[in-house]
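**Student:** Below is the structure, and that's it, no one-letter string:
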C-alpha cells in the first residue's frame, strides 16, 4: 500500500443513527459492510473487538437487544459499518420478530451500497437456520460473505480447525470465491487483523492503477 492511499482506522468508528426500516436508513451511497448473526453469536463483541471500543455495539446479557439497524461511520467519508438486528433467542412478540425479518430482508435486498456481509456464528453451533438463510441470500444476490466463527477460545485448536475447514469447504461449494471463513475470539483478540484485512478489501478494492503497478 503506497503512502497516499487511504487507511481505514476502525477504532475511529462512531455511532451515527438507527433505523427500524429501510426508509429510515442513511442515503444509499458510499459503501457499507453489514454484520449479521443470531442473538447469542457474539456479534456485538466482534464489532467492539474490531473497533477497539468496549461499548460501540451494545453487549447485553439478554440476547436480542439489538432491535434496530445501527450505523457507524468510519474515518473515511462514506464508509460505514452496519449492525443488523440480532435474530433467534430474543424473547419478543412474534409480530416484532416478523417486523425485524421484513425490514432486514428489505435492507439486504435493496441496499445498493452494501459491499459485503460478515456473518457471525458461534464456532460451537454453526449453520443454524438463520445462518443458512443468510448464506442462501448471499448466493442469490451475489453479495460477498465473510463468516466469523466466534468464541474460538472455547474450543481446542484441533476441533476449531476442523470446524473451520469443514465449513469453508461446504460454503465454497455454494458461493465459490465469494465466501471466506475465519476463526475469531473477541476475548483473546485473535482474528481481528484478518477481519480488518477482509473489510479493507471490500471498502478499498484495488484500482486499475494498483493492478497496473502489480503487473509492472
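**Tutor:** Thanks, I have the structure now. Predicted model, so just to flag it, every value in this text is computed and none were measured. Numbering: from 1, shown residues only.
**Student:** where do the helices sit along the chain?
**Tutor:** Secondary structure of the chain by DSSP state H: the helices cover 43-51, 94-110, 129-141, 157-175, 192-203, 208-215.
**Student:** Highest mean neighbour count out of those?
**Tutor:** Most buried of the helices of the chain by mean neighbour count (mean count of other Cβ atoms under 10 Å) is helix 43-51; its value is a mean of 23. Just so you know, the C-beta spots here come from the backbone N, C-alpha and C atoms, and that holds for glycine as well.
**Student:** if we can go back for a sec, now render the helices of the chain as a markdown table, adding distance to residue 119 and mean pLDDT.
**Tutor:** Shown next, in a markdown table, are those (distance: least, Cβ to Cβ, whole Å; pLDDT from 0 to 100):
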| stretch | distance to residue 119 | mean pLDDT |
| --- | --- | --- |
| helix 43-51 | 9 | 93 |
| helix 94-110 | 12 | 78 |
| helix 129-141 | 5 | 90 |
| helix 157-175 | 10 | 96 |
| helix 192-203 | 12 | 97 |
| helix 208-215 | 28 | 52 |
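**Student:** out of the ones you listed, nearest to residue 16?
**Tutor:** helix 43-51 (13.5 Å; Cβ to Cβ).
**Student:** Distance check, the nearest residue to residue 29 once chain neighbours are set aside against residue 45.
**Tutor:** Using Cβ to Cβ, 6 or more residues apart in numbering and skipping the chain neighbours, the partner closest in space to residue 29 is residue 113 (5.9 Å). Using Cβ to Cβ, to the nearest Å, we find residue 113 at a distance of 26 Å from residue 45.
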